[in-house]
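In: When you get a sec, could you give me coordinates for this:
(one chain, ligands or ions: 1)
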Amino acid sequence: MAAAWAIVAHQRTYAARLASKALMLTTYNKQGMSFDDRYSRQVLFPGIGLEGQKKLAAARVAVVGCGATGTAVSALLARAGVGSLLIIDRDYVEPSNLQRQSLFDEADAAASLPKAVAAARKIAAFNSEVEVRAEVADLTPDNVHALLADTGLLLDGTDNFETRYLMNDFAVKHGKPWIYAAAVAAYAVTMNIIPGETACLSCIFPAPPQGAVETCDTAGILNGAVNLVGSIQATEALKFLTGARDKLRRTLLSFDVWSNDRAEVAADRPRPGCQTCQKREFVHLAGQSRPQITLCGRNSVQIHERHRPVDFAEMTGRLQPHGTVKHNDFVLKFWRDPYELTLFPDGRAIIKGTTDTAVARSLYARFVGN
Ligand SMILES: [Zn+2]
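Out: Numbering: from 1, shown residues only. Okay, here's the model as predicted:
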């Protein structure tokens, strides 16, 4: 029996070598090490194979939001050899992220690195073959076309319904598939949206949840829940990208990793009369001004100021008399008790220490500008 296993193992290794030779992925890292075998175990899997691996190398995928789900799915797809990843995130790394956001480390939190930048750096360290573009931005009706037009698949790593409805409008309008994923506490939920075939987000949730909605801030979050939903999302992405469309799940899948409850709701066809995919009224895409958003996981408000380029050196000089200030190439931080203001080069700001948008607005106007 043991001998038989050894033969099987040998044959598998040999097949893997042949497969990676055929792929001609001979690359060398800085130490001159070859990475011929990188995808060999994945190529061996019949659902992927050599043809599937080539399709992954040619794929262009966007991950919107790079928190826990976003880091999980980005890491898995980068390791799997997806050729081009666009990572869009508006936030920066903090110590409270490290419990579940698997692409970040303590140095990223200490430097307040933008999550998109930290993720791109980490991916480059384990797979330099993947082209990663980091976009430190909030996805809005103004920039959604410019950012997502040339991507073939959109992945949800966001923490809010506002951005998800915007993604849904864009995806349905342009016939791009996207994968919804969310997690809070021990609960996670995901759904594949294939425009023209399956239900869209608005078919299932015609309106955003009303009233008090549980967030990571109020209910906490287990890292197993987010990494599980990220794994499912990444696998569905592999199916789509390799052309295994008959294997794509056509349900809204939810599970609770603590209670072991699990549910599936059919989502294989659109809901008659759906405003988005049936009437094709893209109200979220048409939205002009957006309200300030209270971010998940902390006591803070974001100011969506744009087209106000900030010179960090000049701003540091201006703010120094009023509190503590420091900056790197990506963010400027300003502490004035009890508030902490984080400013990005395009003028966007996150103000911590309040959930009052008027207080945040006035702090911004006072210290950054009207
Ligand atoms: Zn719909």
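
In: Residues of the stretch 201-350 of the chain that sit close to the ion?
Out: If contact is defined as Cβ under 5 Å from the ion, the residues of the stretch 201-350 of the chain in contact with the ion are 202-203, 270, 274, 276-277. Backbone N, C-alpha and C define where each C-beta goes, glycine included.

In: Format these as TSV; extra columns: pLDDT.
Out: Below are those laid out as TSV (pLDDT from 0 to 100):
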residue	pLDDT
S202	97
C203	97
P270	98
C274	97
T276	97
C277	98
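
In: Name the residue of the stretch 51-200 of the chain that lies nearest to the ion.
Out: Proximity to the ion, evaluated over the stretch 51-200 of the chain using Cβ to the ion, is greatest for C200 at 3.3 Å.

In: got a list of what that residue touches?
Out: With contacts defined as Cβ atoms under 8 Å, 6 or more residues apart in numbering, C200 is in contact with 168, 171-172, 193, 270, 274, 276-277.

In: which stretches of this protein form helices?
Out: Taking DSSP state H as the criterion, the chain carries its helices at 2-23, 40-44, 49-57, 68-80, 106-110, 115-126, 144-148, 161-174, 201-204, 216-219, 223-242, 283-286, 312-319, 357-367.

In: wait, which of the contacts of C200 is closest to S259?
Out: Using Cβ to Cβ, I193 is the member of the contacts of C200 that sits closest to S259, with 26.9 Å.

In: Settle this for me: the closest one is touching P177, isn't it.
Out: Yes - here I193 lies in contact with P177, judged by Cβ atoms under 8 Å, at a distance of 6.4 Å.

In: The two - which one has more neighbours?
Out: Neighbours were counted for I193 and for P177 using other Cβ atoms under 10 Å; I193 has more, 25 against 22.

In: I'd like the helices of the chain laid out as CSV, including distance to V257 and mean neighbour count.
Out: Supplementary listing: the helices of the chain in CSV, determined by distance: least, Cβ to Cβ, whole Å; neighbours: other Cβ atoms under 10 Å:
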stretch, distance to V257, mean neighbour count
helix 2-23, 32, 12
helix 40-44, 26, 18
helix 49-57, 28, 18
helix 68-80, 13, 26
helix 106-110, 26, 14
helix 115-126, 24, 21
helix 144-148, 31, 17
helix 161-174, 22, 22
helix 201-204, 22, 22
helix 216-219, 14, 15
helix 223-242, 5, 22
helix 283-286, 31, 15
helix 312-319, 42, 15
helix 357-367, 35, 16
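
In: Worst mean pLDDT among those?
Out: Of all those, helix 2-23 carries the lowest average pLDDT, namely a mean of 49.

In: T357 is in contact with V301, isn't it?
Out: Yes - using Cβ under 8 Å, T357 makes contact with V301 at a distance of 5.5 Å.

In: Disregarding flanking residues, what is the spatial nearest neighbour of C200?
Out: Counting by Cβ to Cβ, 6 or more residues apart in numbering, the nearest residue to C200 once its immediate chain neighbours are dropped is C277, at 4.3 Å.

In: Ok, A72 next?
Out: For A72, the spatially nearest residue (Cβ to Cβ, 6+ apart) is G230, at 2.7 Å.
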